[in-house]
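Asks: the following comprises the amino acid sequence and a computationally predicted model.
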Amino acid sequence: MASVLVPLADGFEEIEAVSIIDVLRRGGVEVVTAYLNTKEVHGSNGITILANNSLDDVRSEDFDMMVLPGGIPGAEFLKNDQRVIKLIKEFNATNKNIAAICAAPMALDIAGVLKGDYTCYPSYEEVIQSGNFRDDKKVVESGNILTSRGPGTSICFALQIVKKLSGVETYEALKSGLIADFC
């Protein structure tokens, strides 16, 4: 079973985080959430999630992929946390998959791993200094990096991750079961 790390920072976008966690688990992927500061992580719209582990206890070698949800100020906290940046660099150095949605690709830029095509929440491409911004797709894959636009694309984003980690059959079955023909 593939395993995914989802770091959560206060101010995360709830639709993105919960959609990603839920869809991946439905797709047979083990998901571990990690908090930056406290186990109770507060979303940008007042929803609180109890994270599984402290980011201090996380090791990149225990996971197949890392997925960063967006949201403000959550994505800002992720990009400014040296533990998150270190993990991104470790994942990239071993060619493991890394994914970010909404404003979270800023962290990939700071870590120096955003080199090819990417997408993000509209206007954040002005903050990101590297890569080639694309606004014509819901999800952009470039090498080991997956990016997506925002809350409305989070199910399509999570389904692409399922396809990558669990295969096309699981992806198709899950997409059908979720009635996600828009992906």
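Replies: In hand now; what should we look at?
Asks: might one say that residue 84 is in contact with residue 78?
Replies: Yes - with contact defined as CB atoms under 8 Å, residue 84 reaches residue 78; the gap is 5.0 Å. Backbone N, C-alpha and C define where each C-beta goes, glycine included.
Asks: overlap of the contact sets of those two?
Replies: Common contact partners of residue 84 and residue 78 (CB atoms under 8 Å, 6 or more residues apart in numbering): 7, 36, 68, 107.
Asks: SS state for the first one?
Replies: The reference is to residue 7. Assigned by DSSP: H, G, I helix; E, B strand; the rest coil, the conformation of residue 7 is strand.
Asks: contacting residues for it?
Replies: With CB under 8 Å, 6+ apart, residue 7 has these contacts: 33, 34, 35, 36, 55, 58, 66, 68, 78, 81, 84, 87.
Asks: neighbours of the residue lying closest to it once chain neighbours are set aside, how many?
Replies: In this structure, residue 7 finds its nearest non-sequential neighbour in residue 34, 5.0 Å apart by CB to CB, 6 or more residues apart in numbering. Residues near residue 34, counting by other CB atoms under 10 Å, number 23.
Asks: confirm residue 34 sits in a helix?
Replies: No - going by three-state DSSP, the assignment for residue 34 is strand, not a helix.
Asks: ok, what's across the strand from it?
Replies: Going by DSSP bridges, residue 34 is paired in beta bridges with residue 7, residue 53.
Asks: how close does it get to residue 164?
Replies: Residue 34 sits 21 Å away from residue 164, going by CB to CB, to the nearest Å.
Asks: tell me the predicted confidence for the residue nearest to residue 177 when sequence neighbours are not counted.
Replies: Using CB to CB, 6+ apart and skipping residues adjacent in sequence, the residue nearest residue 177 is residue 26, 7.8 Å away. pLDDT for residue 26: 98.
Asks: show me the helices in the protein, by range?
Replies: 14-26, 74-80, 82-93, 105-111, 154-166, 168-177 (DSSP state H).
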